[in-house]
Every structure is written in C-alpha cells, then in structure tokens.
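Coordinates only, no sequence provided:
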Ligand code: SF4
C-alpha cells in the first residue's frame, strides 16, 4: 500500500554532489509549479492510502515560495509533511530562523537535513549544522541525514578525503546516479553475478513512490511505473504488476544480475554494489524502454 509520496520538487540544487542519486546540479531542469502540486494532491486524495508527503529534490528550498505553497496545500488536506534539504540557506542561525519561521505554525513531521562529507567538507561547522540547531531551537522535528552515523558527529576526524574514502569503501554509499560514475572506481568491487537481490527497495509491495514535475512516477529513482500527467495515480498503482514490469520483474526474480542478463547487458567483471550493476544495466538501454527508464536527469543524461 502506498503511504508516502516523495515530491521531487525540483531537480535543481545548489550543489553537484558526487554521490547524488539524481545527478542534481544548479543547471538541472524540472521544477513543480503550485498548480501541478495541487493536481498531484488531487490524485493522492483519490488514491486514498497516502499519509505523508515529502518535499525533496534536488534542493526544495531553492523554490521556497513553491515549496511553502505545496506544504500548505498538503497540510490543509490532512497530510503529514516532511522536507529533505541540505540546509544551504543557513548562512547564519538567524537567517535559518527567518527561513524556517512559518513551519512551527504549519506543522512538520520531519525536517531531514543532509550533513555528510560530500555535502560539506567542513566537518566542524557548516550550513546543515546551523539549520539543524535553529530548527531544534524552534521545536521543529529536525534530524541529520548522514551517510554514515559517524560522519555527522564531532567524533569523526581526519581529512575530507579520508572520510570520503571510508564512506565509499565502508558501504555508506549507493552507487546510483552520479555516484556510479564518480565514486564506483574507488569502491571495493565484487563479481557482478553475486548481486542477486535488490537490497533497498520493496519493488513487490512498495510503500513509497517518487514523482517529478514531468509526471514520472518512480518506484526507485529512474524506474517508472507510469506518468501521472498521462494516467491517474490510482490507475497506475492499481495496474502495477511487479512481475510483468520489464525492469522490476527481473530485479525481483534474480536481482540486478538477472536484470543485466535479461537486458542483454554485459557488465564489467566487477561492480561496486547492487545499485551500481542495476544502474549500469538500465543506463545501457534507456531508449528501449521509453516512459520507464526516465527521466534523463536521473541518468545524468540531461
Ligand atoms: S538495486 Fe536497483 S532497484 Fe534496487 S535499490 Fe538499487 S538501484 Fe534501486
């Protein structure tokens, strides 16, 4: 049952992190409008099972009035709301309090702030930490989103290069999107045939879906089960038969290794993780699955 919808408010971001799943950058295209959010919420109302709406990206605070409008719409319809941000706006705690000022009144269920060595090489002080402190002072349900529990704590020391290496080789990264190209060469690689399950997403009975401004309804980033601007969300969810989906079917029967075989993709002898193999196999044949292996942004093909 779908209980969460993650709105990819924009693919645009202030940063171009090496580990970004969706290849976001300051130049990325694809941003919701308030009326598109309203149309999406009409569809989630109709589906009837959604409890929480997340506003994420990219960096949703880049389009602050749009995000705020969307959050107000979602709250007025009774949804619990979360935000995922890198906290870039916290140039000072005072400025962070100004930006966050509406949220105690609106009511947020979660404010997740990314703070890791890929977002911020300064591990002593950075915008994410200022945003977190300001949010905590204001009584907002803030949480630090880190790749590795150690990466956000003051006990983590060493050069940014060492920390990044530790996260890459320690399994803190999933090698999809930009991470597949930028970071996989530094990972401890394994025989591709050993990746026989999808370790992170419940493709059989998903409880959350991601949707972007183009309408792409994604069961994992870059794997679509339809387009909400072409068919209603309710129909797409009803008609999703995992075993018959050309990408999810093989992933369910034998993981990324089976997907590579079914797609006729010949992987390199070793890959960084299951997501790396899955991503490489999908990227190799995007044009054969129009409407499914979308959007270009997620494949760094924009
Ligand atoms: S293996 Fe593929 S479907 Fe599963 S989480 Fe990784 S990228 Fe997503």
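Received, thanks. Bear in mind the structure is a predicted one, so any value in this text is a computation, not a measurement.

Now the element after the helix ranked longest in the chain, going C-ward?
What stands out as the longest helix in the chain, according to DSSP state H, is helix 248-263. Using DSSP states H and E, the helix or strand that follows helix 248-263 in sequence is strand 270-271.

contacts for the helix or strand just after that next one?
Downstream of strand 270-271, the first helix or strand assigned by DSSP H and E is helix 274-283. The set of residues external to helix 274-283 that reach it, using CB atoms under 8 Å, 6 or more residues apart in numbering, is 174-177, 180, 184, 187, 192, 195, 197-200, 222-223, 247, 251, 255-257, 259-260, 263, 265, 267-268, 271, 293, 299, 301. In short, each C-beta sits where N, CA and C put it, glycine included.

tell me, which of those make contact with the ligand?
Taking CB under 6 Å from any ligand atom as the test, the ligand is in contact with 176, 198, 200, 223, 251, 256 out of the contacts of helix 274-283.

show me what contacts the second one?
By that I understand residue 198. By CB under 8 Å, 6+ apart, the neighbours of residue 198 are 220, 251-252, 255-256, 274, 278.

what about it, distance to residue 234?
25 Å (CB to CB, to the nearest Å).

now residue 251
Taken as CB to CB, the span from residue 251 to residue 234 is 24 Å.

ok, the two, which is more surrounded?
Counting neighbours by other CB atoms under 10 Å for residue 251 and for residue 234 shows that residue 251 has the greater number, 28 against 17.

Does the more buried one touch residue 257 like I think?
No. Residue 251 is beyond contact range of residue 257, at 9.7 Å (criterion: CB atoms under 8 Å).

how about the helices of this structure, start to end?
34-47, 64-76, 93-100, 103-106, 127-137, 160-169, 178-182, 233-239, 248-263, 274-283.

For residue 149, report the pLDDT, please.
Residue-level confidence at residue 149 comes out at 43, pLDDT.

And the helix or strand of the chain with the lowest mean pLDDT, what's buried?
None of the helices or strands of the chain scores lower by mean pLDDT, DSSP states H and E than helix 160-169, at a mean of 72. By neighbour count with 16 or more other CB atoms under 10 Å, helix 160-169 contains the buried residues 163-168.

That concludes my questions; thank you for your assistance.
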